[in-house]
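Q: Compute the structure for the input listed below.
(one chain, ligands or ions: 1)
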Amino acid sequence: MSRSSAARSATNAATATGDEISPHLVARGVGIQYPSPDAEGGVFTAVDGVDLEVRHGEFVVVVGPSGCGKTTFLHSVAGLIPTTSGELLLSGTPIRGPGPERALVFQQPSLLPWRTVRRNVSYGPDLQGTLGRAELRERVDDLLRLVGLEGFGNRFPSTLSGGMQQRVNLARALAVEPELLLLDEPFAALDAQTRERMQAELLQIWEQLGMTAIFVTHDIKEAVLLADRVLVFTAGPGRVKTWIDVDLPRPRKPEASREEAFHSLEDRIWDELHQTPTP
Ligand SMILES: Nc1ncnc2c1ncn2[C@@H]1O[C@H](COP(=O)(O)OP(=O)(O)OP(=O)(O)O)[C@@H](O)[C@H]1O
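A: Numbering: from 1, shown residues only. Next comes the predicted model:
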């Protein structure tokens, strides 16, 4: 059994016996403001009053209108932007900044051009300095195999395609063995075929490693393919509009998108995104 199915089974068993399983991530009344670009001394509210819980090993996809605060919220969970009000708790501990148990994958591969693929992947563990040479080499080899880049370790990023660079980006995020993987439209810049392949690979990796994942996208089909639950944000300032359970069987293959149940979930999300709020 994969780590993620094991985590989900454990959660179900504990729920069945009435045990409390604490959520992995909790947001309570989270508000996030920026200094206003238009008025000196003013503030702009990007996210407002977000309450949510994400379970261990869960795959949550966040969708919402452009500019509603999805990236802002994700970056706060990563510890890159402070919350202005409320609190964010990771396994019960307030998030005060970045930490090795979280990794963020950006839309554009943010690789260091002067480092080889291998040295880009080892960047996080290098900084942490907790692994010996042999152990680090083994971890990087495992990750390159996992993302299908065995044999490319000595290449420089500029010699790789966009899809390959994004795979290195993913491997680099996984190198710190995060418990929570945060992904901000990681496949948006890829062509449709590469994107589909990367979605399938991400699902396999998530099944295999069992971490919690929060993934931001504009693509409804991608949301249904990946998610256990889809979180729909309102137009800005971002608030939780609704949650949609994606109860399609796993492991999911791209062919799942041809099924009727898949289409009806896409329709539900589309409706939520296009509903005009009642005054
Ligand atoms: N550094 C900043 N300073 C001021 N305002 C900002 C800053 N970063 C983002 N914003 C504003 O905060 C709001 C939310 O932005 P954010 O990028 O989080 O939205 P998003 O939902 O991820 O958007 P998209 O889907 O278009 O990527 C936007 O109105 C944006 O203009």
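Q: interface residues of the stretch 51-200 of the chain facing the ligand?
A: By the rule Cβ under 6 Å from any ligand atom, the part of the stretch 51-200 of the chain lying against the ligand is 64, 66, 67, 68, 69, 70, 71, 72. C-betas here are computed from N, CA, C, even on glycine.
Q: what's the closest of those to residue 153?
A: The nearest member of these to residue 153, counting by Cβ to Cβ, is residue 71 at 30.9 Å.
Q: quick one: contacts for that closest one?
A: Applying Cβ atoms under 8 Å, 6 or more residues apart in numbering to residue 71 gives the contacts 184, 216.
Q: Identify each buried residue in the helix or strand harbouring it, please.
A: Here residue 71, judged by DSSP states H and E, is contained in helix 70-78. By 16 or more other Cβ atoms under 10 Å, the buried positions in helix 70-78 come out as 70, 71, 72, 73, 74, 75, 76, 77, 78.
Q: Including pLDDT and distance to residue 116, could those go into CSV?
A: Output for those, formatted as CSV (pLDDT from 0 to 100; distance: Cβ to Cβ, whole Å):
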residue, pLDDT, distance to residue 116
70, 97, 33
71, 96, 29
72, 97, 33
73, 98, 34
74, 98, 29
75, 97, 28
76, 98, 33
77, 98, 30
78, 97, 26
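Q: Going by distance to residue 234, which of those wins?
A: residue 70 (11.1 Å).
Q: any low-confidence regions in the stretch 1-150 of the chain?
A: The model of the stretch 1-150 of the chain has pLDDT under 70 over residues 1-20.
Q: re earlier: immediately after the helix holding residue 71, which helix or strand?
A: strand 85-90.
Q: Which elements pack onto that following strand?
A: On a contact count with 3 or more Cβ pairs under 8 Å, 6 or more residues apart in numbering; DSSP states H and E, strand 85-90 meets strand 25-35, helix 70-78.
Q: repeat that with 10 Å
A: Applying 3 or more Cβ pairs under 10 Å, 6 or more residues apart in numbering; DSSP states H and E, one finds that strand 85-90 contacts strand 25-35, strand 43-54, helix 70-78.
Q: Save those as TSV, and put in distance to residue 145 too.
A: Formatted as TSV, these follow (distance: least, Cβ to Cβ, whole Å):
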stretch	distance to residue 145
strand 25-35	29
strand 43-54	29
helix 70-78	27
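Q: Point out the most buried one among those.
A: Highest mean neighbour count among the helices and strands packed on strand 85-90 (mean count of other Cβ atoms under 10 Å): helix 70-78, with a mean of 21.
Q: Now do that helix and strand 43-54, the angle between them.
A: Orientation check (axes from the mean of the first three to the mean of the last three Cα atoms, to 10 degrees): helix 70-78 against strand 43-54 gives 60 degrees.
Q: Helix 70-78 vs strand 85-90, what angle?
A: Using the same axes, to 10 degrees: helix 70-78 against strand 85-90 is 60 degrees.
Q: Distance from the chain centre to helix 70-78, please.
A: Using Cα atoms, centre = their mean, to the nearest Å, the mean C-alpha position of helix 70-78 is found 10 Å from that of the whole chain.
Q: As a markdown table, the residues of the stretch 51-200 of the chain next to the ligand with distance to residue 46 would be great.
A: Output for those, formatted as a markdown table (distance: Cβ to Cβ, whole Å):
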| residue | distance to residue 46 |
| --- | --- |
| 64 | 12 |
| 66 | 13 |
| 67 | 8 |
| 68 | 8 |
| 69 | 4 |
| 70 | 10 |
| 71 | 9 |
| 72 | 4 |
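Q: Give me the residues contacting the host helix or strand of residue 266.
A: Assessed by DSSP H and E, residue 266 sits inside helix 260-274. Contact with helix 260-274 is made by 61, 63-65, 68, 218, 220-221, 223-225, 227, 230, 232-235, 241-249, 252, 255-257, 259, as judged by Cβ atoms under 10 Å, 6 or more residues apart in numbering.
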